[in-house]
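[1] Starting from these lines, generate the structure:
(one chain, ligands or ions: 2)
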Amino acid sequence: MAPIVIKSILISESVDPCCKKVLEENGIQVTEKLNLTKEDLISEIKNYDGLVVRSSTKVTADIINAASNLKIIGRAGTGVDNVDVDAATKHGVIVMNTPSGNTISAAELTCILITSLSRHVPQAAMSMKAGKWDRKKFMGAELFGKTLGIVGLGRIGKEVASRMQSFGMKTIGYDPITPREVTAGWGVEQMTLEELWPQCDFITVHTPLMPSTTGLLNDASFAKCKKGVRVVNCARGGIIDEDSLLRALESGQCAGAGLDVFVEEPPKNRALVDHPNVISCPHLGASTSEAQARCGQDIALQIVDMVKGKGLVGAVSALVSLPVGMEMGYGHCNGIEMSNETGAFSIHHSGLLVCSRTGVEFPDSGWCLWGGEGFG
Ligand SMILES: NC(=O)C1=CN([C@@H]2O[C@H](COP(=O)(O)OP(=O)(O)OC[C@H]3O[C@@H](n4cnc5c(N)ncnc54)[C@H](O)[C@@H]3O)[C@@H](O)[C@H]2O)C=CC1
Ligand SMILES: O=C(O)C(=O)COP(=O)(O)O
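    Ligands and ions are numbered 1, 2, ... in the order given. Predicted coordinates for the structure are as follows:
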């Protein structure tokens, strides 16, 4: 791979200081400017070879079009839905993420929301602060023996399963790519969504946001659930349709929701946040010092490796050809029949890798490219 020259990088969000340190140690000039407006970013971006973001900076096509020198957009985290990957690819800008750096933190917050929902901890704490001692109102239910449905059995879904199994929960799930025999090894029985909905006491979603996952939980799927199901979304706003969720909460079909993410962040419509059976956080899944240190360091090291021509780890936007039978690395890709394929992949909307031979979509799968060859 030919080295790519990166002399200057703009960091537009609160990224761990180790990111700046590693880049500067490798001769890259770093400028941190937080809370830029879209107009500010459009006028600034032409001065930089690289941009490092988290989830708040919306890197739209008009920003990318104005970025005459930009070669890399580094996402210190997992989801790249805030970056127009198509526009970046058209402009020859590489988009890179660090998908495993915040897995444990996001999984832990998910489990915290599940356990809090079962015992109304946030509501009880608020009532104590209001000077009350209300033991009756906050009667809960044990998690032991209950069924947790996990939709999306990738990195975070897997970690959630093992943690909630330690509470004695039965874990069932659905994933169109991760093979059933792989998740059976983690104690997660896979089934169709139709079979899953009516069995669950709790449902948690861990998919990327893309057309096939938008509104996965909607009026029709809520209607198939047990009355009183509780749901958690620590993935992306919109995977659980927000209007349907509100209707299900109001009718009692859904007894509680734990929400870390929203369609609009921060949400202007406060109906869900204000609902008494909703516990919510301002997108805190990755907000731990450990996750931020990993993501900040990983994105800096990946950029430095790219500059040195060592590799393109984490790239989600490079047009890439995989040699026949190449080892794809992680569990759920190993399930794809690659052995007789020359896997020509191209990037689709929302950062999906699409195999031109099979049409199989790989969400958010920069890590699939580890060890790959033939980057353009
Ligand atoms: N709240 C937060 O701060 C954080 C949120 N996230 C988000 O969590 C989500 C999951 O992240 P990871 O587990 O790292 O991703 P991953 O790529 O490891 O796993 C996603 C899984 O979803 C599956 N999937 C795709 N389409 C599906 C469908 N229609 N139905 C069911 N499963 C489907 C994929 O096959 C894959 O196994 C992403 O949306 C990510 O952006 C990640 C980190 C922090
Ligand atoms: O990594 C992800 O997908 C996240 O949602 C975390 O977002 P953040 O880096 O905390 O803005």
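[2] what does the average pLDDT come to for stretch 236-247?
    Predicted confidence along stretch 236-247 averages 98 (mean pLDDT).
[3] got the buried residues for it?
    Applying a neighbour-count criterion of 16 or more other C-beta atoms under 10 Å, the buried positions in stretch 236-247 are 236-242, 244-246. C-beta here means a position set from N, CA and C on the backbone, and glycine is covered the same way.
[4] Now do the closest residue to ligand 1 within the stretch 101-250 of the chain against Phe202, distance only.
    Of the residues in the stretch 101-250 of the chain, the one nearest ligand 1 is Gly154, at a distance of 1.8 Å by C-beta to the nearest ligand atom. Summarising the geometry, the distance separating Gly154 from Phe202, computed by C-beta to C-beta, to the nearest Å, is 19 Å.
[5] what's the answer for Ile172, then?
    11 Å.
[6] Next, show the common contact partners of those two.
    In terms of C-beta atoms under 8 Å, 6 or more residues apart in numbering, Ile172 and Phe202 are both contacted by the residues 147-149.
[7] Of those residues, just the buried ones, PyMOL syntax please.
    What follows is the PyMOL syntax selecting those of these that are buried according to 16+ other C-beta under 10 Å:
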select buried, resi 147+148+149
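[8] what would the buried residues of stretch 236-247 look like in JSON lines with secondary structure and distance to Lys158?
    Putting the buried residues of stretch 236-247 into JSON lines (DSSP: H, G, I helix; E, B strand; the rest coil; distance: C-beta to C-beta, whole Å) gives the following:
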{"residue": "Arg236", "secondary structure": "coil", "distance to Lys158": "18"}
{"residue": "Gly237", "secondary structure": "coil", "distance to Lys158": "22"}
{"residue": "Gly238", "secondary structure": "coil", "distance to Lys158": "23"}
{"residue": "Ile239", "secondary structure": "coil", "distance to Lys158": "18"}
{"residue": "Ile240", "secondary structure": "strand", "distance to Lys158": "20"}
{"residue": "Asp241", "secondary structure": "coil", "distance to Lys158": "25"}
{"residue": "Glu242", "secondary structure": "helix", "distance to Lys158": "27"}
{"residue": "Ser244", "secondary structure": "helix", "distance to Lys158": "27"}
{"residue": "Leu245", "secondary structure": "helix", "distance to Lys158": "25"}
{"residue": "Leu246", "secondary structure": "helix", "distance to Lys158": "30"}
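[9] What is the nearest of those residues to Gly140?
    Ranking the buried residues of stretch 236-247 by separation from Gly140, with C-beta to C-beta as the measure, puts Leu245 on top at 20.9 Å.
[10] my read is Ala257 is in a strand, agree?
    Yes: with DSSP: H, G, I helix; E, B strand; the rest coil as the criterion, Ala257 is part of a strand.
[11] For Glu250, see how far away it is.
    Shown here: Ala257 relative to Glu250, a distance of 12 Å by C-beta to C-beta.
[12] Give the full set of residues in contact with the nearest residue to Glu264 once chain neighbours are set aside.
    For Glu264, the nearest residue in space outside its immediate sequence neighbours is Gly237; the separation is 7.3 Å by C-beta to C-beta, 6 or more residues apart in numbering. For Gly237, the set of contacting residues under the criterion of C-beta under 8 Å, 6+ apart consists of 209, 259, 261-265, 267.
[13] among these, which ones are buried?
    Buried members of the contacts of Gly237, counted by 16+ other C-beta under 10 Å: 209, 259, 261-263, 267.
[14] What does the pLDDT read for the residue of the stretch 251-376 of the chain found nearest ligand 2?
    Relative to ligand 2, the nearest point of the stretch 251-376 of the chain is Ala286 (3.6 Å; C-beta to the nearest ligand atom). Ala286 is assigned a predicted lDDT (pLDDT) of 98.
[15] what mean pLDDT does the helix or strand Gly296 falls within have?
    Using DSSP states H and E, Gly296 sits within helix 289-307. For helix 289-307, the mean pLDDT works out to 97.
[16] Quick one: list the elements packing against that helix.
    Packed against helix 289-307 by the contact rule (3 or more C-beta pairs under 8 Å, 6 or more residues apart in numbering; DSSP states H and E) you find helix 17-25, strand 50-53, strand 72-75, strand 94-97, helix 103-119.
[17] What average pLDDT does the fourth one get?
    Yep, that's strand 94-97 we're talking about. Strand 94-97 comes out with an average pLDDT of 97.
[18] close to ligand 2, is that strand?
    No: Strand 94-97 does not reach ligand 2 (C-beta under 6 Å from any ligand atom); its nearest approach is 7.6 Å.
[19] how about the residues of the stretch 1-150 of the chain that lie near ligand 1?
    For the stretch 1-150 of the chain, the contact set with ligand 1 under C-beta under 6 Å from any ligand atom comprises 78-79, 99, 102-103, 106.
[20] please redo it, this time with the cut-off set to 5 Å
    Where proximity means C-beta under 5 Å from any ligand atom, the interface of the stretch 1-150 of the chain facing ligand 1 comprises 78-79, 102, 106.
[21] near ligand 2, from these?
    Among these, the residues lying close to ligand 2 (C-beta under 5 Å from any ligand atom) are 78-79.
[22] Could you dump the residues of the stretch 1-150 of the chain next to ligand 1 into a markdown table and include neighbour count and pLDDT?
    Written out in a markdown table, the entries for these read as follows (neighbours: other C-beta atoms under 10 Å; pLDDT from 0 to 100):
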| residue | neighbour count | pLDDT |
| --- | --- | --- |
| Thr78 | 28 | 97 |
| Gly79 | 23 | 97 |
| Asn102 | 27 | 98 |
| Ala106 | 24 | 98 |
